[in-house]
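S.K.: Starting from these lines, generate the structure:
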Amino acid sequence: MKIEYYIFNPCGNITALVTSKTEKRFYNKISTAIMKNDNSVEQVGFVDTCGDVVKLNMSGDEFCGNAAMSAAVLSYITKGNKGKTEIEVDVLPMGEKVTVTAKKTDDGYSCIGLFKTPAICADYSFKAGNNEYSFPVVALNGIKHIIADTTLSEQAARSVIKPAAKKLNTPAAGIMIYNNNTGDLKPLVYVSAANTLFLENSCASGSCAVAAAKCKIGNTITLKEPGGNLEVANKGEYITIGENIKFIKKCLEEI
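M.R.: Residues are numbered from 1 along each chain as shown. I've put the predicted structure just below:
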């Protein structure tokens, strides 16, 4: 089958968005082929930009904030934005909605994403090696994030994230290793259906989760992620994320 897709760079979290109409049963095959063809791609989504609301379905049914913001930019590119300053993205199948303000700049698209503030759940307790940990869990529709601190190493996080996703009963799980003093954030994300595990260059949903758990209402924090900085503000009912998204290329391939 011939597949059309676009590749974006939201703060290093390289994202491929498929625009060809595709049956869901082929999602895994297509996403695997795209990621094999370009090993910089960290996730694949399937997008419909025809209606007033952009519809996005990730290959593993997870929620992905960077993909949602990239889908808004895709709508801006393909539809000329038609004078709209705000683009609404519906992330399926959970129906999590993101409103994105996108503006063309000299080196990409300046975007502000508006996310409903996720719920802070009970702490998740686990053992890694000889150490025991307990950290808060923040839940969005389609992904749950464990907000860890630097006492948890990346190696230890990798060893526990898959069983954590199963225990938390979520399509995708993240462990956000956050340094409250410096603002450094390591976002480790596992997607069960796609069986992918990445230390992502940036993670918008994880950034929302950190802001919900660690940022007081009315405040803004700068999260220093491997791919660059994200400006995240806790508005109370909503979390906003500001970042620059670059369009890399359009592809048409036989898969």
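S.K.: quick one, helices of the stretch 151-255 of the chain?
M.R.: Along the stretch 151-255 of the chain, the stretches classed as helices by DSSP state H, counting those that start in this stretch are 154-167, 204-214.
S.K.: any chance of these in JSON lines, plus mean neighbour count and distance to Lys2?
M.R.: For glycine as for every other residue, the C-beta is placed from the backbone atoms N, C-alpha and C. Supplementary listing: these in JSON lines, determined by neighbours: other Cβ atoms under 10 Å; distance: least, Cβ to Cβ, whole Å:
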{"stretch": "helix 154-167", "mean neighbour count": "16", "distance to Lys2": "34"}
{"stretch": "helix 204-214", "mean neighbour count": "27", "distance to Lys2": "30"}
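S.K.: Can you check which of these gets nearest to Ile120?
M.R.: Ile120 lies closest to helix 204-214 among these, at 5.8 Å (Cβ to Cβ).
S.K.: Return the distance of that closest one from the chain's centre.
M.R.: 11 Å (Cα atoms, centre = their mean, to the nearest Å).
S.K.: Give the rounded mean pLDDT of that helix.
M.R.: The average pLDDT within helix 204-214 is 97.
S.K.: cool, and stretch 95-106?
M.R.: Here stretch 95-106 scores 91 as its mean pLDDT.
S.K.: The chain should start at 204 in everything you say after this.
M.R.: That works, and once the first residue is 204, the last one we named lands at stretch 298-309.
S.K.: List the buried residues in that stretch.
M.R.: Glu299, Val301, Thr302, Val303, Thr304, Ala305 (16 or more other Cβ atoms under 10 Å).
S.K.: before we move on, what about stretch 224-231?
M.R.: Thr225, Phe229, Tyr230.
S.K.: That one spans what distance, first to last residue?
M.R.: End-to-end distance for stretch 224-231, by Cα to Cα, to the nearest Å: 14 Å.
S.K.: Columns distance to Thr354, secondary structure and pLDDT on top of the buried residues of stretch 224-231, output as CSV?
M.R.: As requested, the buried residues of stretch 224-231 are exported to CSV (distance: Cβ to Cβ, whole Å; DSSP: H, G, I helix; E, B strand; the rest coil; pLDDT from 0 to 100):
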residue, distance to Thr354, secondary structure, pLDDT
Thr225, 43, coil, 93
Phe229, 42, helix, 95
Tyr230, 37, helix, 95
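S.K.: returning to that earlier point: let me have the helices of the stretch 354-458 of the chain in TSV, adding distance to Gly283 as columns.
M.R.: TSV is the format used below for the helices of the stretch 354-458 of the chain (distance: least, Cβ to Cβ, whole Å):
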stretch	distance to Gly283
helix 357-370	40
helix 407-417	25
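S.K.: Nearest to Ile315, out of those helices?
M.R.: Taking these one by one with Cβ to Cβ, helix 407-417 is closest: 11.4 Å.
S.K.: which residues of the stretch 254-403 of the chain score low on pLDDT?
M.R.: Scanning the stretch 254-403 of the chain for pLDDT under 70 picks out 284-287.
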